[in-house]
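S.K.: Got a sequence here, can you build the structure:
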Amino acid sequence: QVQLVESGGGLVQAGGSLRLSCAASLRTFSSYAMGWFRQAPGKEREFVAAISWSGTVYTDNVKGRFTISRDNAKNTIYLQMNSLKPEDTAVYYCAADLAGWTITRSPSEYHYWGQGTQVTVSS
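M.R.: The predicted structure is shown next:
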């Protein structure tokens with residue numbers, strides 16, 4: 001059974017930092033493209049960042065503040081979030097896409113999802 005387990009969320013003041021982790025029980029983890037999405041109350045799930053063999057992609061409003069990375073030896077991806085803003089408040093989800101080379105921003109293209117971790121940024 002495939003599991004993606006996020007951790008590292010919490011409450012932080014504006015300008016602070018958090019690092020999210022996502023541990024995956026995928027047998028061929030390195031072959032997957034991995035992404036981070038977020039969903040705020042009353043809003044649709046939105047793309048944040050993704051990483052694959054072809055590189056990394058970020059949504060515009062996190063560029064320069066967030067960094068996605070992966071450790072294939074640990075079957076884990078990370079999202080380092082700096083200079084956090086109240087508008088970053090959301091539940092953050094990691095996801096896995098079997099198309100390991102290409103990166104897609106569409107949630108429907110991802111095959112596996114974690115349960116989410118709450119990030120709250122206070123002003």
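
S.K.: Downstream of the host helix or strand of A23, the next helix or strand is which one?
M.R.: Using DSSP states H and E, A23 sits in strand 18-24. Sequence-wise, the next helix or strand downstream of strand 18-24 (DSSP H and E) is strand 33-39.

S.K.: Any buried residues in that following strand, and which?
M.R.: For strand 33-39, the neighbour count (16 or more other CB atoms under 10 Å) marks A33, M34, G35, W36, F37, R38 as buried. No exception for glycine: its C-beta is placed from N, CA and C like everyone else's.

S.K.: Now for the second one: which residues touch it?
M.R.: When you say that, I think you mean M34. C22, A24, A50, I51, S52, I68, R70, I77, C94, A95, A96, D97 (CB atoms under 8 Å, 6 or more residues apart in numbering).

S.K.: Any figure for the gap between it and R27?
M.R.: M34 sits at a distance of 15 Å from R27 (criterion: CB to CB, to the nearest Å).

S.K.: swap in the last one?
M.R.: When CB to CB is applied, the distance between R38 and R27 equals 27 Å.

S.K.: correct me, but S30 touches K74?
M.R.: No. With contacts counted by CB atoms under 8 Å, S30 stays clear of K74, the gap being 11.1 Å.

S.K.: and G116, how far is that from S108?
M.R.: Distance from G116 to S108, by CB to CB: 17 Å.

S.K.: who's more crowded, the two?
M.R.: Per other CB atoms under 10 Å, whichever of G116 and S108 has more neighbours is G116, with 18 against 5.
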